[in-house]
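Asks: Okay, predicted coordinates and the sequence, questions at the end:
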Amino acid sequence: MRLHVRGLGLPDETAVELWIVDGRISLEPVTGADTVFDGGWILPGLVDAHCHVGLGPHGTMELDEAAAQAETERDVGALLLRDCGSPTDTRALDDRADLPRIIRAGRHLAKPKRYSQGLAIDIEDESQLPDLVVEQAHRGDGWVKLVGDWIDRDVGDLAPLWSDDVLKTAIEAAHNHGARVTAHVFGEDALPGLINAGIDCIEHGTGLTDDIIDLMLEHGTALVPTLINIENFPGIADSAKRYPAYGAHMRDLHAKCYPRMAAAREAGIPIYAGTDAGTMVVHGRIADEVEALKNIGMSPTEALGAACWEARRWLGRPGMDDGASADLLCYSADPRQGPEVLNRPDLVILRGQVF
C-alpha cells in the first residue's frame, strides 16, 4: 500500500508532504501513491506518557480487555503509550499491528499495604529493592516504576516508602542496566530523596515546592502531572474519613496543584502529558489532559507538544522522520482548538494502516 498525505505540521506550521510505503514514511515522492489527505494539519501520533494498559479496578485483566483499552487509545490518536506499571503481561499485544506501541515500566514496586491491592510487587525488606529494580528493568522497555509515597496507616498520612541510601543504590542499578526510573509521588516528603538519588521523572508531583523545583532543575528531573486524575483527590479524601490528616493533606494538595505546576513550568521543568488511565480515569482522555495543561500556563502549541513531538523526543521515539513508522494523525481543523477537535482526528494512520 502506497499512500500520500499533505498539510501543515506543528509546531512551526510549515508545509508537510509525506509518502507512506510498506508502513514507513518517505520524504521523497513515491509513484502510484493514493492521496488520502490533502489540506489541514498532520501530526505524529499522540503520546499518553502515563497510562496503564492491562490494569483494571482489581489489578490484572484478560488480554482481550487490555487490547480493548489500547484500541480506545488508538481511536483518539494516542499511538504511543508509556505504561507506568501494570500487573498484566501485555507483551503479546506487540504482535498486533493495529494497536499503539507500548513502552512498559514493568510492575510497580512498593511495600506491603503501601499501595493499591493487587497492583504492585510487595517488598518486605527494602534492601531487596535494587535487585527487584534490575528485574523490572529487564521486564520493561527502558523504564522502572517505584511507589514513592502512599498512606502509612500507622502515621495516618502520606509518607515515603524508601530510605535515601536504598533509593540511590536502586536507581543507580537501573541506570546501569539501561533503564530510567520514575515514581508515583503525591506529597512533599518523598521528593528530595528520590530526586537526589537521580530519579528521571516524577509522576503527579502535587507536593512540589520552590525548593523541590530548584532541585529538579539541578538534576534534570522531568514531570508528568496527570492533572485530570488529580481532580479525583477530593473524592479520595472523602473516602478516607478514618484518616483525617490524610484527607486534609489530599485536599490541600488538590487546592495547590495548579499554582505549583505553573511554577514548575515557569521554571523550565520539562512537563509531559499523561492521563493515568486504567484506574480512576478511563482510557482515551489524552485530549483532556492537553487541555488541562493550558491551565498551568502552557500555550495551545506547547500543551499539544507535551503530548506529541516533545514527548516523543523525550521517550526517544521518532516523529515524522524519513524511514520512521507511519504513525500519523490528520486533522481538517486546527488540533490546538481543544478536545472537541484533538480527540477526533479525521484520519488515524498506524504503521501505515488507515483507521
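Replies: Perfect, thanks for sending it.

Asks: residues near Gly205, how many?
Replies: The local packing of Gly205 (other C-beta atoms under 10 Å) involves 30 other residues. C-beta here means a position set from N, CA and C on the backbone, and glycine is covered the same way.

Asks: meant to ask about Thr275
Replies: Neighbour count of Thr275, defined by other C-beta under 10 Å: 30.

Asks: shift numbering so it begins at 40
Replies: From this message on, residue numbering opens at 40, which makes the last subject Thr314.

Asks: Just say helix, strand or coil for it.
Replies: Under DSSP: H, G, I helix; E, B strand; the rest coil, the three-state class of Thr314 is coil.

Asks: residue ranges for the helices of the stretch 90-239 of the chain, please.
Replies: For the stretch 90-239 of the chain, applying DSSP state H, counting those that start in this stretch gives helices covering 102-114, 168-178, 203-215, 230-235.

Asks: helices and strands around the last one, which ones?
Replies: Helix 230-235 is packed against helix 203-215, strand 219-224, strand 240-243, helix 249-258, with contacts defined by 3 or more C-beta pairs under 8 Å, 6 or more residues apart in numbering; DSSP states H and E.

Asks: how about those, which one is nearest Asp188?
Replies: strand 219-224 (5.4 Å; C-beta to C-beta).

Asks: Starting from that closest one, tell me which strands it pairs with and how they run.
Replies: strand 182-186 (parallel), strand 240-243 (parallel) (DSSP bridges).

Asks: any idea of the mean pLDDT in the longest one?
Replies: Predicted confidence along strand 182-186 averages 98 (mean pLDDT).

Asks: Likewise for stretch 263-279?
Replies: Stretch 263-279 shows a mean pLDDT of 98.

Asks: check contacts around the residue positioned nearest the centre of the chain.
Replies: By C-alpha atoms, centre = their mean, the chain has its centre lying nearest to Ala88, at 1.7 Å. Remark: with contacts taken as C-beta atoms under 8 Å, 6 or more residues apart in numbering, Ala88 is in contact with 121, 263, 311-313, 346, 350, 353-354.

Asks: I figured Leu292 was touching Gly244, is that so?
Replies: No: using C-beta atoms under 8 Å, Leu292 is not in contact with Gly244, being 9.9 Å away.

Asks: Secondary structure element holding Val75?
Replies: strand 73-83 (DSSP states H and E).

Asks: Tell me the buried residues in that strand?
Replies: 75-76, 79-83 (16 or more other C-beta atoms under 10 Å).

Asks: Check stretch 309-319 too.
Replies: If you call a residue buried by 16+ other C-beta under 10 Å, then stretch 309-319 has these buried ones: 309-317.

Asks: what does stretch 262-274 give?
Replies: Under 16+ other C-beta under 10 Å, the buried positions of stretch 262-274 are 262-269, 271-272.

Asks: ok, back up a step: ok, the buried residues of stretch 309-319 vs Val329, which is closest?
Replies: For the buried residues of stretch 309-319, the nearest to Val329 is Ala312 (5.6 Å; C-beta to C-beta).

Asks: hang on, the earlier thing: out of the helices of the stretch 90-239 of the chain, nearest to Asn382?
Replies: So among the helices of the stretch 90-239 of the chain, helix 102-114 is nearest, using C-beta to C-beta, at 9.3 Å.

Asks: In PDB, list the C-alpha atoms belonging to the closest one.
Replies: Presented in PDB, the C-alpha positions along helix 102-114 are these (Å, rounded to 0.1, in the frame of the first residue of the first chain):
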ATOM      1  CA  LEU A 102      -5.600  -9.800  27.300                       C
ATOM      2  CA  ASP A 103      -8.700  -9.100  25.300                       C
ATOM      3  CA  GLU A 104      -9.700  -6.500  27.800                       C
ATOM      4  CA  ALA A 105      -6.200  -4.900  27.700                       C
ATOM      5  CA  ALA A 106      -6.400  -4.900  23.900                       C
ATOM      6  CA  ALA A 107      -9.700  -3.000  24.100                       C
ATOM      7  CA  GLN A 108      -8.100  -0.400  26.300                       C
ATOM      8  CA  ALA A 109      -5.300   0.000  23.700                       C
ATOM      9  CA  GLU A 110      -7.900   0.300  20.900                       C
ATOM     10  CA  THR A 111      -9.600   3.100  22.700                       C
ATOM     11  CA  GLU A 112      -6.300   5.000  22.900                       C
ATOM     12  CA  ARG A 113      -5.700   4.400  19.200                       C
ATOM     13  CA  ASP A 114      -9.100   5.700  18.200                       C
END
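
Asks: Contact partners for Ala105?
Replies: Ala105 is in contact with 92-93, 127, 129, 132, counting by C-beta under 8 Å, 6+ apart.

Asks: Among those residues, which pair sits farthest apart?
Replies: It's Thr127 and Leu132 that sit farthest apart of the contacts of Ala105, by C-beta to C-beta, at 9.8 Å.

Asks: And the protein, what are its domain boundaries?
Replies: 41-82+358-393, 85-354 (the TED database).

Asks: if we can go back for a sec, just the mean pLDDT for the strand holding Val75, thanks.
Replies: 97.

Asks: quick check, distance from that strand to the centre of its chain.
Replies: From the chain centre to the centre of strand 73-83 is a distance of 26 Å (C-alpha atoms, centre = their mean, to the nearest Å).
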